[in-house]
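Undergrad: Here's my sequence, what's the structure:
(one chain, ligands or ions: 1)
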Amino acid sequence: MKGIKDPRLLPIAEKVEAGERLTFAEGLVLYETQDLPTLMRLANRVRERKHGHKTYFVHSIRVSQTNICYVGCTFCAFQRRFGEEGAWDWDVEEVVAWVRARYQPGLTEIHLTAGHHPKRPFQYYLDLVRALKESFPGVQVKAWTAAEIHHFSKIARLPYREVLQALKEAGLDAMPGGGAEIFAERVRKRIARAKVSAEGWLEIHRTAHELGIPTNATMLYGHIETLEERLDHMDRLRRLQDETGGFMSFIPLAFQPDGNQLARELGKREFTTGLDDLRNLAVARLYLDNIPHIKGYWATLTPELAQVSLDWGVTDIDGTLIEERIVHMAGSPTPEGLSKRELARIILAAGRIPVERDALYREVRVWDQVEA
Ligand code: SF4
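TA: Numbers count the residues shown, from 1 in each chain. Presented below is the predicted three-dimensional model:
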């Protein structure tokens with residue numbers, strides 16, 4: 001590859017070209033280098049080798065059945081206590097009615113994540129999956145982070161495997177990747193002390209994969225973590241993926257600095273910069289050689305940066321997200337939903353091929369043009 005300004009990138013470029021796995025030390029070089037054009041080209045090389053110009057999005061609705069939560073993660077602006085202003089807590093029928101009111105033909109995914117409600121029994125969650133599957137046949141239910149599965153396991157006094165098996169039998173199709181935050185103990189203690197441990201998170205995903213439930217994986221960055229801790233996070237995901245192959249995508253989520261305790265403690269008001277975000281995506285694309293997709297989640301990146309990220313390793317910009325609330329309650333200034341047409345337009349304008357997919361990354365439609 002010509003034009004490499006940082007000599008440390010030369011052997012890395014050779015390995016990328018040969019399709020060889022990068023080491024931890026090489027991952028750190030990617031985080032440190034100032035040769036951003038080369039970093040971008042390397043990530044794009046891998047992206048195009050894996051998926052050509054294809055760029056995926058999904059027609060999805062985001063639902064949170066409650067924002068009541070007892071866990072108290074310091075980065076979270078979504079949680080509420082019982083009776084607190086802005087708290088909600090829906091019955092199964094209310095969730096179904098909420099989705100029905102917003103249902104659009106062609107919807108393929110219902111994405112459910114919420115607070116850890118201290119009183120609902122496990123049966124409620126089984127009923128909820130079943131009701132959604134019956135009310136919206138053909139729509140896939142992607143529900144509950146590993147942190148929530150851990151909570152269900154505690155309230156039901158059942159091992160992870162039995163919880164996941166019961167949810168699968170109720171109709172669960174896939175799991176989102178949240179609750180991972182940053183695996184390093186030092187950071188986890190400060191930002192998510194009462195949440196499932198890193199080991200628990202990985203064990204739940206391992207079990208889900210063994211049961212044939214595909215999942216995603218996230219990383220919350222841009223707060224107090226070091227670059228080594230980011231890479232350690234990816235390294236643990238890469239090792240689990242070697243074992244199971246069950247991760248469909250990796251989604252870096254930038255810390256949103258509004259309305260949460262961590263931002264107040266840190267006196268932090270700034271969002272990550274665009275280049276932080278792009279670098280992080282590119283490093284993920286290069287380091288996570290065994291995870292099919294890197295997602296540039298437009299709701300935190302902004303649609304504009306998500307479009308640019310398609311040159312930095314990204315092959316998925318998530319979806320229509322009808323009424324996303326979690327990152328918006330933490331200050332994300334992006335719209336609470338985009339149309340399929342708008343997503344396809346952004347992708348086409350970047351010279352890529354928009355592919356509408358379902359929750360399992362099966363192709364639904366290739367948008368080779370956008371109607372006026
Ligand atoms: S991130 Fe999730 S588990 Fe943590 S406080 Fe917020 S809603 Fe609760």
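Undergrad: Flag the shaky bits of the stretch 251-372 of the chain, pLDDT-wise.
TA: Scanning the stretch 251-372 of the chain for pLDDT under 70 picks out the ranges 324-328, 330-333, 372.
Undergrad: how about the residues of the chain near the ligand?
TA: 69, 71, 72, 73, 76, 78, 79, 115, 116, 147, 195 (C-beta under 6 Å from any ligand atom). To be clear about C-beta, it is placed using only N, CA and C from the backbone, and glycine gets the same treatment.
Undergrad: From what I see, the first one and residue 117 are in contact.
TA: Yes - the pair residue 69 and residue 117 passes the contact test of C-beta atoms under 8 Å, sitting 7.2 Å apart.
Undergrad: can you put the residues of the chain next to the ligand in a markdown table and add neighbour count?
TA: Below are the residues of the chain next to the ligand laid out as a markdown table (neighbours: other C-beta atoms under 10 Å):
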| residue | neighbour count |
| --- | --- |
| 69 | 22 |
| 71 | 18 |
| 72 | 14 |
| 73 | 23 |
| 76 | 23 |
| 78 | 21 |
| 79 | 20 |
| 115 | 24 |
| 116 | 24 |
| 147 | 24 |
| 195 | 23 |
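Undergrad: Looking at those residues, which are in strands?
TA: Per DSSP state E, strands hold no members of the residues of the chain next to the ligand.
Undergrad: okay, the residues you listed in TSV with distance to residue 15 and pLDDT next?
TA: As requested, these are exported to TSV (distance: C-beta to C-beta, whole Å; pLDDT from 0 to 100):
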residue	distance to residue 15	pLDDT
69	43	96
71	41	93
72	43	91
73	37	92
76	38	90
78	41	90
79	43	93
115	43	96
116	42	96
147	35	98
195	36	96
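Undergrad: Name the nearest of those residues relative to residue 272.
TA: Distance to residue 272, by C-beta to C-beta, is smallest for residue 76 among those, at 17.3 Å.
Undergrad: got a list of what the closest residue in space to the closest one that isn't next to it in sequence touches?
TA: Among residues not flanking residue 76 along the chain, residue 260 sits closest, at 5.8 Å (C-beta to C-beta, 6 or more residues apart in numbering). By C-beta atoms under 8 Å, 6 or more residues apart in numbering, residue 260 lies in contact with 74, 75, 76, 77, 330.
Undergrad: Mind doing that once more with 6 Å?
TA: 75, 76, 77 (C-beta atoms under 6 Å, 6 or more residues apart in numbering).
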